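Participant: Provided below are the primary sequence and the corresponding predicted coordinates.
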Amino acid sequence: MKKVAFLYLPLIFVTAVSISSCGGKKEEQTDETKVLETQDTAKAGVLNVGGQLFSVPSPIQTAMLIQKLGLPFNKSLLFPANKSNAFNTDATRALMLGVYGADLGYVSMYSQTQEALSYLASIKQLADKLGISSAFDETTLKRFENNLTNKDSLVALVGVAYRSSDNYLKNNKRLDISSLILLGGWLESMNIAIESYKAKNNEEIKRRIAEQKLTVNNLLQLITINAPDQTDLIASLKELSLLYEKVEFKYKYVEPTTDTARKITYINSTNELVMDDATFKNILEKLQAFRNKITQSAS
């Protein structure tokens, strides 16, 4: 089967680069009327794969949502940083590199300096074993250490490191590794979201989890094409896809409103989430079972 290439693997982190740069130069005002969405939607990056576009949300955005809702830092919902040596195949290392990347993004959002160092060390170990350590050389590590108290800089540096590893993987045609890193990061971000939901039963977090229907199908296609030998992962993604088929969003048109003085048009239409409690419960259980399966897959 023909393989396709990732153009932007590190969507787990690359969004962070743009986040940290938002405080820079302001855009010049124009006379054109601006259009704003009034409802919050799941932020997502776009992958261009073989000429097709795939939307995959960034775990950084999930961490940002959780922090915005005022939930305290919770170390217990993360995978322990000291377990990197337990994974001894390239497939499990790639999955765990994604997991640790999502965890690093989470601790960075909460300015957890010591935890960030621990996850960074584990990421470096896995990257060494996968042959992509050039993304985490001594210069990069020193920059991390010098910016551990600066959340924006730390998050941006994560993006730099993962873009470097992505370039290496693309250039060396290791598309199976890049696909597994992406899957691992997404699963860990969902686990963080689920544990946060259990702590606060927040509707925004619930909606964020429910909005993963398209992402599951995208990941299923990417893993099937780039890592067809990972039959267990593909089977789990198919099971998730079937569960998400029961999730619907009903579009409700609401007439836009315009602030003529400020030249801003507000789009008020919404997508209503339609999902029964049993379906949501099954999705949560399957997502966490899937995540736990890959984190316990050391041989």
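Facilitator: That came in fine, so what should we check first?
Participant: convert stretch 121-139 to PDB, retaining C-alpha atoms only.
Facilitator: C-alpha atoms of stretch 121-139 as PDB (Å, rounded to 0.1, in the frame of the first residue of the first chain):
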ATOM      1  CA  ALA A 121      14.600  14.000  30.100                       C
ATOM      2  CA  SER A 122      12.300  11.100  29.200                       C
ATOM      3  CA  ILE A 123      11.500  12.600  25.800                       C
ATOM      4  CA  LYS A 124      15.300  12.900  25.100                       C
ATOM      5  CA  GLN A 125      15.800   9.300  26.000                       C
ATOM      6  CA  LEU A 126      13.000   8.100  23.700                       C
ATOM      7  CA  ALA A 127      14.200  10.400  20.900                       C
ATOM      8  CA  ASP A 128      17.800   9.000  21.200                       C
ATOM      9  CA  LYS A 129      16.500   5.500  20.800                       C
ATOM     10  CA  LEU A 130      14.300   6.400  17.900                       C
ATOM     11  CA  GLY A 131      17.300   8.200  16.200                       C
ATOM     12  CA  ILE A 132      15.800  11.700  16.300                       C
ATOM     13  CA  SER A 133      17.900  13.100  19.100                       C
ATOM     14  CA  SER A 134      19.100  15.900  16.900                       C
ATOM     15  CA  ALA A 135      15.900  17.700  17.800                       C
ATOM     16  CA  PHE A 136      16.900  17.600  21.500                       C
ATOM     17  CA  ASP A 137      20.600  18.400  21.400                       C
ATOM     18  CA  GLU A 138      22.600  20.100  24.200                       C
ATOM     19  CA  THR A 139      21.800  23.600  22.800                       C
END
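Participant: mind listing what's buried in it?
Facilitator: When neighbours are counted by 16 or more other Cβ atoms under 10 Å, the buried residues of stretch 121-139 are found to be 122-127, 129-130, 132-133, 135-136. Every C-beta, even on glycine, is put in place using the N, C-alpha and C of the backbone.
Participant: could you do stretch 230-240 as well?
Facilitator: Of the residues in stretch 230-240, those buried under the neighbour-count criterion (16+ other Cβ under 10 Å) are 230, 233-234, 236-237, 240.
Participant: quick check: of the buried residues of stretch 121-139, which lies closest to Phe87?
Facilitator: Distances from Phe87 to these, taken as Cβ to Cβ, are shortest for Leu126 (7.3 Å).
Participant: which pLDDT value goes with the closest one?
Facilitator: For Leu126, the pLDDT comes out at 91.
Participant: Ile123 too?
Facilitator: With respect to pLDDT, Ile123 has a value of 87.
Participant: pipe the buried residues of stretch 121-139 into JSON lines and attach distance to Val216 per row.
Facilitator: Conversion of the buried residues of stretch 121-139 to JSON lines gives the following (distance: Cβ to Cβ, whole Å):
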{"residue": "Ser122", "distance to Val216": "27"}
{"residue": "Ile123", "distance to Val216": "25"}
{"residue": "Lys124", "distance to Val216": "30"}
{"residue": "Gln125", "distance to Val216": "30"}
{"residue": "Leu126", "distance to Val216": "25"}
{"residue": "Ala127", "distance to Val216": "27"}
{"residue": "Lys129", "distance to Val216": "29"}
{"residue": "Leu130", "distance to Val216": "25"}
{"residue": "Ile132", "distance to Val216": "26"}
{"residue": "Ser133", "distance to Val216": "31"}
{"residue": "Ala135", "distance to Val216": "28"}
{"residue": "Phe136", "distance to Val216": "30"}
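Participant: so where's the stretch 1-150 of the chain uncertain?
Facilitator: Within the stretch 1-150 of the chain, the ranges that satisfy pLDDT under 70 run 1-58, 134-138, 140-141, 145, 148-150.
Participant: where do the strands sit along it?
Facilitator: For the stretch 1-150 of the chain, the strands defined by DSSP state E, counting those that start in this stretch cover 34-37, 45-49, 52-56.
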